[in-house]
Structure formats: C-alpha cells, structure tokens
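Undergrad: predicted coordinates and the sequence they were generated for:
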Amino acid sequence: MLCFRTGMPRENIVLIGFMGSGKSAIGRRISSRLGFQFIDTDQLIIERTGIPISEIFVTQGEAAFRDLETTVLGTLTHLDRCVVATGGGVVLREENCVLLHQIGLVIGLTASEEVLYNRVSRNTKRPLLQTEDPRETLRQLLEQRLPIYEAAADITIDTSHLSHEEALEAIVIEARYAFAWHRDV
Ligand code: S3P
C-alpha cells in the first residue's frame, strides 16, 4: 500500500484486481460467510444508468464509464459491514483509490496472466478485450496495471492456485487481523 490509508479501516472489505481475478465470485462468498451485504460497483452502474457496461463503453466511451465509477464509489463511503467488488479499472484514477480506502480494507486479488486469460475467456462480453488479439491486450493491460493494484491494495492475495473457498479463508484471516476481531468468524 502506498499512501492511501490513514488509521483503521471502516468495517468493509473492498476487492480490487484485474478482470478475472475473482472479485465478484469470491466477494459473494465472503459476504455470506461474514453476514455482510454484497455490493458490485459494475452492477450499481448498470442499475443507475439502466445500460449494460459494454454499451456504456460503446456509446459514451471509457471516460464516461470512469466518471460513473467515481460517482458510485462516492456513495459508498458511509457504509459498514459490506463487501464491495469493484471493476478492474477502478484504480486507474487516484481519486478512486482515496475513496476505496475511505470505504474499507482494500484487498487486491491477483493471478497469473495465464489463469486470468483462461477465466476471462469464459465471458466474451468484457469491452476492453474486444480486440483482434485479446490475449495480447490482456498482457499489456496487466503489465500497466499490476504496479497500480499493488500500490492501491492494503493486502494482495494471489488466487492463481487457490479455490474460491481457500481465497475466502485467506481474506477472512486478513480481515480478522485488520479489524481486530476477537470473535470467531
Ligand atoms: C474493466 C473491468 C470490468 C468493467 C469494465 C472495465 C477494466 O469489470 O468494470 O468492463 O477496466 O478492467 P471486471 O473487472 O469485473 O471484469
């Protein structure tokens, strides 16, 4: 983590990471394990606009989508006991990174390029990978973003070789420590 955290985080878990790193799938599991509410920022944007993410990219452009991301994050800073899964590009704006740390404990999920590619290949809707060579696009985006995720996260967990259950356990251990929970969860 670079310089975003001041003091103890609010009792929320924020998941950041590249497309396919498991933010939504693992986030849902954490929320049911801890009894926290699950929030997905992409989903909030869809609800707010009534437009699918891929269509926002095509009709309004990436910058407009990033504005929506910032607006939506700003509505989450007062919450408690939530798990927030974010879109893979949320860290690209520094103001978002500040907001993420206001929301809660920021956990970065990472995985190898190969694992990420295998996971994202199952879903062909991701607008940034609609290119002639999605594998190369993924490689380039990952190379650009890895240091940003690393700097933005309080803690980073590599999920390449973890099941969702194992990743969940690793995150719960970190949360117990970060929030000084004395109860068993
Ligand atoms: C994006 C990731 C997507 C979504 C949008 C942009 C990105 O979310 O927010 O397509 O810039 O990496 P997921 O990480 O959930 O796929």
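TA: Looks like it came in fine.
Undergrad: got the residues of this protein near the ligand?
TA: 19, 23, 42, 53, 87, 88, 89, 126, 127, 128 (Cβ under 6 Å from any ligand atom). The C-beta positions use only the backbone N, C-alpha and C, and glycine is treated the same way.
Undergrad: 8 Å - rerun?
TA: Within the chain, the positions lying close to the ligand (Cβ under 8 Å from any ligand atom) are 17-21, 23-24, 40-42, 45, 53-54, 57, 62, 65, 69, 85-90, 92, 120, 123, 126-128, 141, 145.
Undergrad: buried only: go through those residues for me.
TA: Neighbour-count burial (16 or more other Cβ atoms under 10 Å) applied to the residues of the chain next to the ligand gives 17-21, 23-24, 40-42, 45, 53, 57, 65, 69, 85-90, 92, 120, 126, 128, 141, 145.
Undergrad: so which of those residues belong to strands?
TA: 17, 40, 85 (DSSP state E).
Undergrad: what distance do you get for the closest residue to the second one other than its chain neighbours to residue 133?
TA: Okay, so that is residue 40. Residue nearest to residue 40 in three dimensions, not counting chain neighbours: residue 85, with 4.7 Å by Cβ to Cβ, 6 or more residues apart in numbering. Using Cβ to Cβ, to the nearest Å, residue 85 is found at 28 Å from residue 133.
Undergrad: between the ones in strands among the buried ones among the residues of the chain next to the ligand, which is nearest residue 102?
TA: residue 85 (16.9 Å; Cβ to Cβ).
Undergrad: contacting residues around the closest one?
TA: For residue 85, the contacting residues are 15, 23, 24, 27, 28, 38, 39, 40, 41, 42, by Cβ atoms under 8 Å, 6 or more residues apart in numbering.
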